[in-house]
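Chemist: can you look at this prediction? I've put the sequence above it.
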Amino acid sequence: IVIIYRENFEKFLNFPKTKSDYVQWLVINSNMLMIDKNVLLGCIYIPPENTKYASNDAFNDIETEMSDLIEKTNSYVSLVGDFNAKTKLLSDIVIPDSKLFEILDDIVDDDVLSYVYDYENLLQNDVPMKRYSTDISVPNNYGHKLIDFCKRNNLYIGNGRLPGKDFLIGEKTCKNVSLIDYILFSSHVFSLFKSFYVSEFNPLFSD
């Protein structure tokens, strides 16, 4: 995993040292982005299922490090890269209902409410709740893991939702068949994105 950046940005960047083989972390200082928190950027590569490099623990490893770094760096999150996860149109948002609050019972406080209703920040930024994807493949095990990961951490799939040529499309990223490369983000980070698109597939560069 390689991250390339302009030299004049270096003073705003910090690369935490972690143990996971699946992600390279980068903390972007809030002063550069002019928002209230830093942004923890994770560049991801998870090897494909059914290969000798596959791991059922990859998402757990990433989540453990992410949770620790969020607390240490006071950050919002954006993750980008090749997850080898096929999600098609699976929903990444949990809409609370009365049954949820029955389960939560007496532990509902401001922090819990903020967590449960985080998706409303998308609505305020005109981000579609519905996902869009041209993926024609069936969701795989990694796809379900990615969706569960998003729901637990209030992260949202940006493909098909972000402004730019991919808006309301969700273009395929691999061999004109599947969408396995994603950008995920915290709801508060959406306003930082100005344009997002998927380049035409080139086998020389893989996905």
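Modeler: Okay, I see it.

Chemist: looks to me like V189 is in a strand.
Modeler: No - under DSSP: H, G, I helix; E, B strand; the rest coil, V189 falls outside any strand and is assigned helix.

Chemist: burial count for it?
Modeler: Residues lying near V189 (other C-beta atoms under 10 Å) number 24. (C-beta placed from N, C-alpha, C; glycine too.)

Chemist: beta-bridge partners for the residue nearest to it when sequence neighbours are not counted, please?
Modeler: Once flanking residues are discounted, V189 sits nearest to Y76: 4.9 Å by C-beta to C-beta, 6 or more residues apart in numbering. When bridges are called by DSSP bridges, Y76 pairs up with V39.

Chemist: now do the helices in this protein.
Modeler: Here the chain has its helices, by DSSP state H, at 30-33, 58-73, 98-104, 110-116, 120-124, 141-153.

Chemist: quick one, which of those helices is packed in tightest?
Modeler: Burial of the helices of the chain is given as mean neighbour count (mean count of other C-beta atoms under 10 Å); helix 141-153 ranks first at a mean of 18.

Chemist: alpha carbons only: can I get that helix in PDB?
Modeler: Output of helix 141-153 as PDB, limited to C-alpha atoms (Å, rounded to 0.1, in the frame of the first residue of the first chain):
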ATOM      1  CA  ASN A 141     -19.000 -13.100   2.400                       C
ATOM      2  CA  TYR A 142     -16.700 -10.000   2.400                       C
ATOM      3  CA  GLY A 143     -19.600  -7.900   1.100                       C
ATOM      4  CA  HIS A 144     -21.800  -8.900   4.100                       C
ATOM      5  CA  LYS A 145     -18.800  -8.200   6.500                       C
ATOM      6  CA  LEU A 146     -18.300  -4.800   4.900                       C
ATOM      7  CA  ILE A 147     -22.000  -3.800   5.300                       C
ATOM      8  CA  ASP A 148     -22.000  -5.000   9.000                       C
ATOM      9  CA  PHE A 149     -18.700  -3.000   9.500                       C
ATOM     10  CA  CYS A 150     -20.400   0.100   8.100                       C
ATOM     11  CA  LYS A 151     -23.500  -0.300  10.300                       C
ATOM     12  CA  ARG A 152     -21.500  -0.800  13.500                       C
ATOM     13  CA  ASN A 153     -19.300   2.300  12.900                       C
END
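
Chemist: what's the angle from that helix to helix 58-73?
Modeler: Between helix 141-153 and helix 58-73, the angle comes out at 30 degrees (axes from the mean of the first three to the mean of the last three C-alpha atoms, to 10 degrees).
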